[in-house]
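K.L.:
structure for this input, please:
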Amino acid sequence: MSERLPQLSPAELARYSRHLQLEEIGLEGQRKLAAARVLVVGAGGLGSPAALYLAAAGIGTLGIADFDRVELHNLHRQLLHDDRHLGQPKVDSAASRLRTTNPFIRVVPHPDGVTPQNACALFRDYDVIVDGTDNFAARYLNNDAAVLTDRPLVYGSIYKFEGQVTVFHPAGGGPCYRCLFPEPPAAGTVPGCGEAGVLGALCGIVGSLQALEVIKLVIGVGAPLRGRVLTCNTLAASFSTLALPRAASCPLCGDHRTIRDLESAAAIASACATPAPADAPAEVPFEVSVTDARERRDRAPGRTTIIDVREPYELEICRIEGAQHIPMRQIPQRLAELPTDQHLLIVCHTGGRSSRVTEFLRARGFPLVSNVAGGIDAWAEAIEPGMRRY
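P.N.:
Below you'll find the model as predicted:
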């Protein structure tokens, strides 16, 4: 944190008076918050409550990194945005809301998000990093860049009704994300919130806990969640804390490191990637893009069938004209309906369910099956821009 602490104006003293009354914070702690630089990666379900509470708490410089735009399905949980911001870059609506929340702080938008090219330089400009992302590639990138720049990473994740919070900080004596998950799971095996769903209020719980961990780290008070994972189950209204030691075999922070920069991290990820099944003819790949899927359908309509494996309520939102609908859970019972002499293009919302269905069908004697990467969400973006997304 910055060695020189800023003075607070009378208006700021009045705004933060309830903080100042806490012995653990006081005037010096509030000045530490004003001197701090915190980067929130992802202005979504977790980044929204985290950023709002950090802004209200008086974090002096608050960075927001996100390349995405506001969509309608974001609004039940991403409280930085509202209907007025649909279609706008998330960093713009986030910055507007945060500046209104606290005019005494500096909000810095990073519209390119965090990339392998900018991650380390970006992280070095901040004291603490908050991970509000929702996919494994981003989480590994954030973790690796944070470890390589000696920055504490306040991590949160959610799944349906459950959440996790911890602090990854090997420089402070704790583990890193790779100690918990040495390798990413195979593509399509873990559904995201776009397929599994998520309780909006859960985002508020986990994001608020992330903000609390940042405040503890900045002020130097309490026991941050280094080496511990706080889990919550909102259906059972239960919380628990699990010990998470540093793994001696971790390639990033262990005793014999093999990852010393983001380039070596990318090389390891490529070497560990699970190859797509290759049991079908070469002209029928395991996975095709939405553009390729459309071209194959239009080129050979009598020999190509799109199978939509989403749930019925999802079809009410949007659908691909001419696609056959069989929900994923019904596929095993309806195999007889599927032609073995046609190229079956399997589509779902974002590609996770359809990938699993593709593997299932190939294992049961359907060689002419391909997963449509990105699902109907990618189709709407690339093929039918007027299609409703969710």
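K.L.:
rest of the way, CA atoms for contacts and neighbours
P.N.:
OK.
K.L.:
can you tell me which helix or strand residue 266 belongs to?
P.N.:
Assigned by DSSP states H and E, residue 266 belongs to helix 262-272.
K.L.:
so what strands line up beside the helix or strand following that helix?
P.N.:
Sequence-wise, the next helix or strand downstream of helix 262-272 (DSSP H and E) is strand 287-288. Strand 287-288 has these partner strands in its sheet, going by DSSP bridges: strand 369-372 (parallel).
K.L.:
what about the strand it pairs with, distance to the chain center?
P.N.:
25 Å (C-alpha atoms, centre = their mean, to the nearest Å).
K.L.:
and if you look at stretch 33-43?
P.N.:
With C-alpha atoms, centre = their mean, you get 17 Å for stretch 33-43.
K.L.:
for it, give me every contacting residue.
P.N.:
For stretch 33-43, contacts defined as C-alpha atoms under 8 Å, 6 or more residues apart in numbering pick out 1-2, 4-6, 47, 50-51, 57-66, 78, 80, 90-91, 94, 105, 113-114, 123, 125-133, 215, 218-219.
K.L.:
determine how far the last residue of it lies from the first.
P.N.:
21 Å (C-alpha to C-alpha, to the nearest Å).
K.L.:
stretch 15-30 too?
P.N.:
First-to-last residue span, stretch 15-30, C-alpha to C-alpha: 11 Å.
K.L.:
can you name the residues in contact with it?
P.N.:
13, 57-58, 219, 221.
K.L.:
same deal with stretch 203-210?
P.N.:
Taking C-alpha under 8 Å, 6+ apart as the rule, stretch 203-210 contacts 45-50, 53, 77, 130, 132, 154-158, 163-165.
K.L.:
strands along the stretch 251-390 of the chain, start to end?
P.N.:
287-288, 304-308, 324-325, 343-347, 369-372 (DSSP state E, counting those that start in this stretch).
K.L.:
could I get these as JSON lines with mean pLDDT, mean neighbour count and distance to residue 258?
P.N.:
Listed next are those as JSON lines, based on pLDDT from 0 to 100; neighbours: other C-alpha atoms under 10 Å; distance: least, C-alpha to C-alpha, whole Å:
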{"stretch": "strand 287-288", "mean pLDDT": "92", "mean neighbour count": "20", "distance to residue 258": "32"}
{"stretch": "strand 304-308", "mean pLDDT": "95", "mean neighbour count": "23", "distance to residue 258": "43"}
{"stretch": "strand 324-325", "mean pLDDT": "94", "mean neighbour count": "16", "distance to residue 258": "47"}
{"stretch": "strand 343-347", "mean pLDDT": "96", "mean neighbour count": "27", "distance to residue 258": "38"}
{"stretch": "strand 369-372", "mean pLDDT": "95", "mean neighbour count": "29", "distance to residue 258": "34"}
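K.L.:
need the ones you listed in TSV with distance to residue 72, can you?
P.N.:
Shown next, in TSV, are the strands of the stretch 251-390 of the chain (distance: least, C-alpha to C-alpha, whole Å):
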stretch	distance to residue 72
strand 287-288	27
strand 304-308	22
strand 324-325	24
strand 343-347	21
strand 369-372	23
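K.L.:
identify whichever of these lies nearest to residue 202.
P.N.:
When these are compared by C-alpha to C-alpha, strand 343-347 sits nearest residue 202, at 28.7 Å.
K.L.:
for that closest one, which strands pair with it and how are they oriented?
P.N.:
By DSSP bridges, strand 343-347 pairs with strand 304-308 (parallel), strand 369-372 (parallel).
K.L.:
could you say which one of the ones you listed comes nearest to residue 227?
P.N.:
Here strand 369-372 is closest among those (C-alpha to C-alpha), at 39.1 Å.
K.L.:
list the contacts of the closest one.
P.N.:
Contacts of strand 369-372 (C-alpha under 8 Å, 6+ apart): 280, 284-290, 293, 343-347, 351, 354-355, 358, 361-362.
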